[in-house]
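*Asks:* sequence and predicted structure are below.
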Amino acid sequence: GGSTLHWGGLINRFWESDFRTASTYGLGIDWPITYDELEPWYCDAEAEIGVAGQANAGDPPRSRSLPMPPFPPKFGEEAWFDVADRMGFDISLASHARNSAPYGGRPACSAFSVCNICPIGARYSADFHIDALENAGHIDLAVETVARRIVTDDAGNAIAVMATDLQGNDHEVRVRNVVIAAHAVESARLLMLSGIGQESGQLGRNLMEHWYTGAGGFIDEQLFPRRIGFETLECNHWYDGAGRDSRGAIKISFIDRRDPLDPMNAGAALGAELDSIDCAEFGRWVGVAAEIEHLPNPDSRVTLSETETDQFGDPVPHIRFAISDIDRRTQDHAQEIALSLLEARGCRDAKVIAEYNRAHHHMGTCRMSSDAGTGVVDADCKVHNSNNLFVVGGSVFPTGGARQPTLTIAALALRLGKHLATRT
């Protein structure tokens with residue numbers, strides 16, 4: 001999630017309400033920036049990455065169309081539109097960071113169904129941009145080198161980065177500006193190791209995830225999930241609206257990721273028994289997943305381990321996720337939704353198969369705030385009480401919504417890049 005080297009490729013904007021959960025629903029905390037302020041940067045990020053999709057009913061306003069048209073529903077997904085009509089909600093075509101047409105010098109997706117590692121480069125990966133920048137001579141990339149400390153002067157401004165390569169050689173890099181973009185865990189850890197950004201007591205706190213719950217069942221028709229294409233549908237009916245003041249946001253996806261060899265891998269069946277299961281079940285599985293919001297919680301945090309160190313002798317991060325009663329209520333409601341959808345789809349033996357599954361969307365720990373006493377960075381991603389030290393990534397999110405974070409990370413990065421380019 002967010003790494004782009006090994007990811008599903010689903011890519012969403014946050015909704016307007018995600019930036020104002022406290023004002024709108026009395027939950028979480030408001031961002032110091034609005035959706036409208038970030039909207040032009042969302043457009044730029046979509047163009048740079050190459051996003052296929054469309055403006056769906058209920059989506060937040062946009063000033064530019066997406067670069068490529070959406071992918072059509074894959075084989076077998078059309079039945080969900082009938083379920084939606086009968087239950088009274090809309091289904092949307094999801095946005096993907098993969099080419100539905102040739103774009104950016106890369107080919108259109110061929111739907112090989114091996115999407116975790118795209119064999120032809122149709123799905124976006126951040127190394128495309130890194131390679132282009134390096135080939136153009138715009139960056140010097142220090143590989144196999146770990147930044148271990150940020151050195152500051154008496155005024156709190158960064159003057160150097162201390163790093164060590166994997167061969168044990170130490171390096172000092174003198175700096176004009178420093179941007180930490182090491183995601184939620186390692187960004188917070190580097191600041192802690194450097195003794196920076198801790199005045200508010202918020203550094204490392206409010207670590208958030210997108211906790212998935214999943215359910216599935218069997219239908220009589222063989223649709224052969226995971227063999228043809230990839231998931232293209234989502235539902236935001238339960239994202240906002242009724243009950244939202246007592247639970248987090250919920251985004252529904254229609255995924256069919258059960259493999260016929262799963263019973264064997266689970267040790268449940270072999271030989272003739274496995275053959276019997278395959279004949280009865282193969283190609284008939286239908287699944288629903290819910291991505292849910294994890295509200296910011298000061299007890300959910302990254303700290304420095306008191307007992308374990310890395311190969312350089314620095315404390316490793318200690319990670320603790322805290323789940324509140326509201327988070328549990330959201331998870332329970334998401335399971336009820338998933339099972340009701342499967343029932344309407346005509347599934348037999350429907351059941352919850354996963355709860356609190358990690359999306360690996362780590363957010364928070366260096367959250368942005370207008371007030372230096374309630375966050376780590378300001379609205380421009382600058383560390384409070386410093387003039388030239390910045391953090392960007394999911395780590396600066398005050399809240400996480402229930403939508404993939406990659407596009408918001410990219411939009412914030414482009415916005416910060418413009419800000420740095422105008423600094424003297």
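*Replies:* Arrived safely, thanks for sending. Numbers count the residues shown, from 1 in each chain.

*Asks:* the stretch 51-200 of the chain: helices as residue ranges?
*Replies:* 79-87, 127-135, 183-194 (DSSP state H, counting those that start in this stretch).

*Asks:* quick one, strands of the chain?
*Replies:* 92-93, 145-152, 158-165, 170-174, 178-180, 211-218, 233-235, 250-253, 285-292, 301-309, 315-320, 348-358, 389-391 (DSSP state E).

*Asks:* and those strands as CSV, adding mean neighbour count?
*Replies:* Every residue, glycine included, has its C-beta placed from N, CA and C. Below are the strands of the chain laid out as CSV (neighbours: other CB atoms under 10 Å):
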stretch, mean neighbour count
strand 92-93, 20
strand 145-152, 18
strand 158-165, 17
strand 170-174, 12
strand 178-180, 24
strand 211-218, 22
strand 233-235, 22
strand 250-253, 24
strand 285-292, 25
strand 301-309, 14
strand 315-320, 16
strand 348-358, 14
strand 389-391, 25
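
*Asks:* between those strands, which one is nearest to residue 17?
*Replies:* Closest to residue 17 of these, according to CB to CB: strand 250-253, at 12.7 Å.

*Asks:* which other helices and strands contact that closest one?
*Replies:* strand 233-235, strand 285-292, helix 325-345 (3 or more CB pairs under 8 Å, 6 or more residues apart in numbering; DSSP states H and E).

*Asks:* please identify which of the ones you listed is closest to residue 405.
*Replies:* strand 285-292 (10.9 Å).

*Asks:* coming back round to it: out of the helices of the stretch 51-200 of the chain, which one sits most buried?
*Replies:* helix 183-194 (a mean of 23; mean count of other CB atoms under 10 Å).

*Asks:* least trustworthy helix or strand in the protein by mean pLDDT?
*Replies:* Lowest on mean pLDDT, DSSP states H and E among the helices and strands of the chain sits helix 262-265, with a mean of 69.

*Asks:* low pLDDT regions in the chain?
*Replies:* Filtered on pLDDT under 70, the chain yields the residue ranges 1-2, 225-228, 257-261, 263-264, 424.

*Asks:* count of neighbours near the residue nearest to residue 103 when sequence neighbours are not counted?
*Replies:* Distance criterion CB to CB, 6 or more residues apart in numbering; nearest residue to residue 103, sequence neighbours excluded, is residue 50 at 4.6 Å. Other residues near residue 50 come to 25 when the count uses other CB atoms under 10 Å.

*Asks:* tell me which residues touch residue 375, please.
*Replies:* 32, 200, 202, 367-369, 384, 398 (CB atoms under 8 Å, 6 or more residues apart in numbering).

*Asks:* rerun that using 7 Å as the cut-off
*Replies:* Going by CB atoms under 7 Å, 6 or more residues apart in numbering, residue 375 touches 200, 202, 367-369.

*Asks:* what's the answer for residue 52, then?
*Replies:* Per CB under 7 Å, 6+ apart, neighbours of residue 52: 66, 68-71, 95-96, 98-100.

*Asks:* format the residues you listed as TSV; extra columns: neighbour count and distance to residue 212.
*Replies:* Below are those laid out as TSV (neighbours: other CB atoms under 10 Å; distance: CB to CB, whole Å):
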residue	neighbour count	distance to residue 212
66	19	25
68	22	27
69	13	28
70	19	23
71	22	22
95	28	18
96	27	18
98	27	21
99	25	26
100	20	25
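
*Asks:* pull the most distant pair out of the contacts of residue 375.
*Replies:* 200 and 368 (11.7 Å).

*Asks:* out of those two, which sits in the busier spot?
*Replies:* residue 368 (24 against 17).

*Asks:* please name the nearest non-neighbouring residue to residue 145.
*Replies:* Per CB to CB, 6+ apart, closest to residue 145 is residue 165, 4.5 Å.

*Asks:* which ones are touching that neighbour?
*Replies:* Taking CB under 7 Å, 6+ apart, one finds 144-145, 171 in contact with residue 165.

*Asks:* what comes up buried for stretch 385-400?
*Replies:* Using 16 or more other CB atoms under 10 Å as the test for burial, stretch 385-400 gives 385-386, 388-400.

*Asks:* and it, end to end?
*Replies:* Length of stretch 385-400, first residue to last, CA to CA, to the nearest Å: 25 Å.

*Asks:* same deal with stretch 372-379?
*Replies:* 11 Å.

*Asks:* can you check stretch 147-160 too?
*Replies:* Start-to-end span of stretch 147-160 (CA to CA) is 10 Å.

*Asks:* so what's the gap between that stretch and the chain middle?
*Replies:* 30 Å (CA atoms, centre = their mean, to the nearest Å).

*Asks:* test my guess that residue 286 contacts residue 345.
*Replies:* Yes - with contact defined as CB atoms under 7 Å, residue 286 and residue 345 form a contacting pair (6.0 Å).

*Asks:* looking at the contacts of residue 375, which is nearest residue 87?
*Replies:* Residue 87 lies nearest to residue 367 out of those, by CB to CB, at 36.7 Å.

*Asks:* how close does that closest one get to residue 270?
*Replies:* 50 Å (CB to CB, to the nearest Å).

*Asks:* can you check residue 289 too?
*Replies:* Going from residue 289 to residue 270 by CB to CB gives 29 Å.
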